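K.L.:
Got a sequence here, can you model it:
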Amino acid sequence: MFQSRRARFGVLLGVCATLGIVLTISNSMNASASLVLMAVFILALCAATLGLAAARLRLRQPLADLARDAWLIASGDLGRPVTEHGSGDLARLAQGLEAIRVGAAASHGDLEARVTQRTRELSSAFELSREIIAHLDLEQLLRSVTERARALTRSDAASLCLLDERAAQLTLAASDGDETPRPGHVQSLQHAPAGQVIGAGQTVAIETACATCGFLSAHAPGQCAAAPLQVGDRILGALCVVRSHSDPFDVDETRALTLLANSAAIAITNARLVEEGRQQAEQSAALAERERLAAELHDHLAQTLSFLNLRIDRVRDDLAADRLSEALEGLDRMNVAVGEASGRVRAALLGLHEPAPAVEDLAEKLSACVADFREASGLPAELTVSDPAALSLPRVAQVQALHIVREALSNVRRHAQASHANVRVERLGDEVVLTVQDDGRGFDPVRLNRDNHYGLIIMRARAERSGGSVSIESPIGRGTTVMARFPLATTAPGEVAA
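P.N.:
Here you go, the predicted model:
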């Protein structure tokens with residue numbers, strides 16, 4: 001372009017000079033000579049024009065080449081060198097474009113390498129997160145973490161160690177690479193590099209630090225990098241890698257190590273939470289089973305023993321009065337009661353539950369319960385069902401209601417010093433209310449609650465298993481009223497028919 005401008009300027013200057021010379025000479029010559037000079041001038045002008053055209057033709061192709069090269073660079077095609085153009089302005093312009101192309105190609109290659117590395121990091125983290133979600137075995141997950149850490153950082157070995165409960169020692173949980181100890185190896189927290197990471201809570205890259213580490217010392221001397229296994233403010237351990245060559249770990253590699261360490265920390269925390277939940281579930285199940293067994297023994301064995309105690313007194317009286325047939329009859333009843341008690345204890349110990357009564361059996365079972373109370377206590381007692389729909393409790397709730405009525409009547413017989421009792425079943429809105437009432441001496445429910453009276457605790461627990469509740473009113477000297485409320489035709493989650 002600069003050469004084209006010079007050529008045009010030179011031609012124009014030559015034409016102007018020639019024209020001046022011709023005009024000067026023509027003024028001093030005759031007409032024929034002037035014509036000759038004019039012809040010469042025209043020929044010179046044509047020659048100059050042809051020279052200018054030739055110069056333009058020589059510059060057009062190099063300029064087109066440079067334009068094409070510039071367009072290729074702009075479009076991202078950085079693999080083709082810029083066309084060389086001898087010397088001068090065009091050569092310098094070509095050299096400048098080539099320098100731009102080389103720099104852009106280097107930057108593009110570096111960017112592609114970074115994108116590839118980042119993609120590997122994210123892909124590895126994504127695959128690891130899928131493994132975590134899939135609830136794979138924790139030991140397998142930790143092995144996967146060390147394998148990925150070693151591959152992403154191009155290391156010779158990787159180790160993952162966990163802090164003990166006292167935060168004093170590190171235990172090797174997983175490793176990958178040659179000459180690494182088996183999981184379970186223990187070392188002091190003071191050993192680098194894991195100790196430094198746990199103390200600082202940040203990823204570090206340290207030269208030759210692996211020489212003092214019992215997990216990675218086989219690869220010393222070398223370059224080490226370590227990242228903390230951290231969840232919130234809590235550090236669980238460290239993930240370390242080592243390589244024997246002298247290239248230090250760069251920012252991308254330490255970032256990848258940190259990403260994997262964070263994923264491992266989440267997996268470890270989740271596994272520990274699951275294990276704690278499992279242990280709590282086992283403890284809750286064991287506690288529920290103990291409560292069930294205690295309720296079974298209290299409902300059946302305690303009442304049977306109380307019945308036997310009463311029958312023994314009657315048999316003793318019959319024998320003293322020479323009523324042998326009545327005494328034998330009493331002994332037969334006691335024998336039957338002992339057999340039933342023995343069967344119920346075996347069933348309770350074996351975890352066998354009493355079958356839930358059918359809906360149409362609840363009235364019959366309540367009637368039998370009241371009849372047993374009358375026979376055992378010698379007191380008058382009645383059962384009143386004001387609404388047959390009130391008997392339509394869920395099957396499990398029927399079992400709980402029957403046990404509560406039996407326990408309440410047992411308390412009347414043993415403690416109330418009453419002369420009369422009655423049981424009433426009624427429906428109030430969406431609830432079924434079972435009421436056991438006596439005219440005895442009453443008691444202070446607050447004091448009994450404070451003393452942890454076991455019978456009352458069991459009655460309330462039974463009602464709560466089916467979404468119900470138990471309330472007690474017992475003014476001193478004016479009898480006791482026990483009211484058990486159950487939702488009608490609903491089943492609480494987790495009900496157990498104990």
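K.L.:
okay, CA-based contacts and neighbour counts for the rest of this
P.N.:
Noted.
K.L.:
who does the helix or strand harbouring T254 touch, helix- and strand-wise?
P.N.:
Assignment of secondary structure by DSSP states H and E places T254 within helix 251-296. Packing partners of helix 251-296 (3 or more CA pairs under 8 Å, 6 or more residues apart in numbering; DSSP states H and E): helix 89-133, helix 138-152, strand 223-231, strand 234-243, helix 324-349.
K.L.:
Take those and write them to a markdown table, including mean neighbour count and mean pLDDT.
P.N.:
Below are the helices and strands packed on helix 251-296 laid out as a markdown table (neighbours: other CA atoms under 10 Å; pLDDT from 0 to 100):
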| stretch | mean neighbour count | mean pLDDT |
| --- | --- | --- |
| helix 89-133 | 16 | 71 |
| helix 138-152 | 21 | 83 |
| strand 223-231 | 27 | 85 |
| strand 234-243 | 26 | 86 |
| helix 324-349 | 16 | 74 |
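K.L.:
possible to save the ones you listed as CSV with distance to A205?
P.N.:
Shown next, in CSV, are those (distance: least, CA to CA, whole Å):
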stretch, distance to A205
helix 89-133, 18
helix 138-152, 14
strand 223-231, 4
strand 234-243, 9
helix 324-349, 62
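K.L.:
So for T83, which of these sits nearest?
P.N.:
Between T83 and the helices and strands packed on helix 251-296, the shortest gap by CA to CA is with helix 89-133, which sits at 6.8 Å.
K.L.:
Please check which residues sit opposite L162 as beta-bridge partners.
P.N.:
Judged by DSSP bridges, the bridge partners of L162 are T171, G237.
K.L.:
Distance-wise, check it relative to V433.
P.N.:
58 Å (CA to CA, to the nearest Å).
K.L.:
Likewise for A64?
P.N.:
Applying CA to CA to A64 and V433 gives a distance of 101 Å.
K.L.:
what about the strands in the stretch 351-498 of the chain?
P.N.:
Along the stretch 351-498 of the chain, the stretches classed as strands by DSSP state E, counting those that start in this stretch are 381-385, 421-428, 431-438, 469-473, 480-487.
K.L.:
neighbour-wise, which of A64 and V433 wins?
P.N.:
More neighbours surround V433 than the other of A64 and V433, with 23 against 11 (other CA atoms under 10 Å).
K.L.:
which ones are touching the nearest residue to that one once chain neighbours are set aside?
P.N.:
Nearest non-adjacent residue to V433, counting by CA to CA, 6 or more residues apart in numbering: R485, 4.6 Å away. Shown in contact with R485 (CA atoms under 8 Å, 6 or more residues apart in numbering): 431-434, 463, 468-470.
K.L.:
now, which of those residues sits nearest A390?
P.N.:
When the contacts of R485 are ranked by distance to A390 (CA to CA), V432 comes first, at 5.5 Å.
K.L.:
right, and the closest one touches P487 too?
P.N.:
Yes. Counting by CA atoms under 8 Å, V432 does reach P487; the two are 6.3 Å apart.
K.L.:
Please say which of these two ends up with more neighbours.
P.N.:
More crowded of V432 and P487, by other CA under 10 Å: V432, with 24 against 21.
K.L.:
what's the more buried one in contact with, if anything?
P.N.:
390-391, 393, 425-426, 485-488 are the contacts of V432 under CA under 8 Å, 6+ apart.
K.L.:
Try it again at 10 Å.
P.N.:
V432 sits next to 387, 389-393, 401, 425-426, 468, 484-489 when contact means CA atoms under 10 Å, 6 or more residues apart in numbering.
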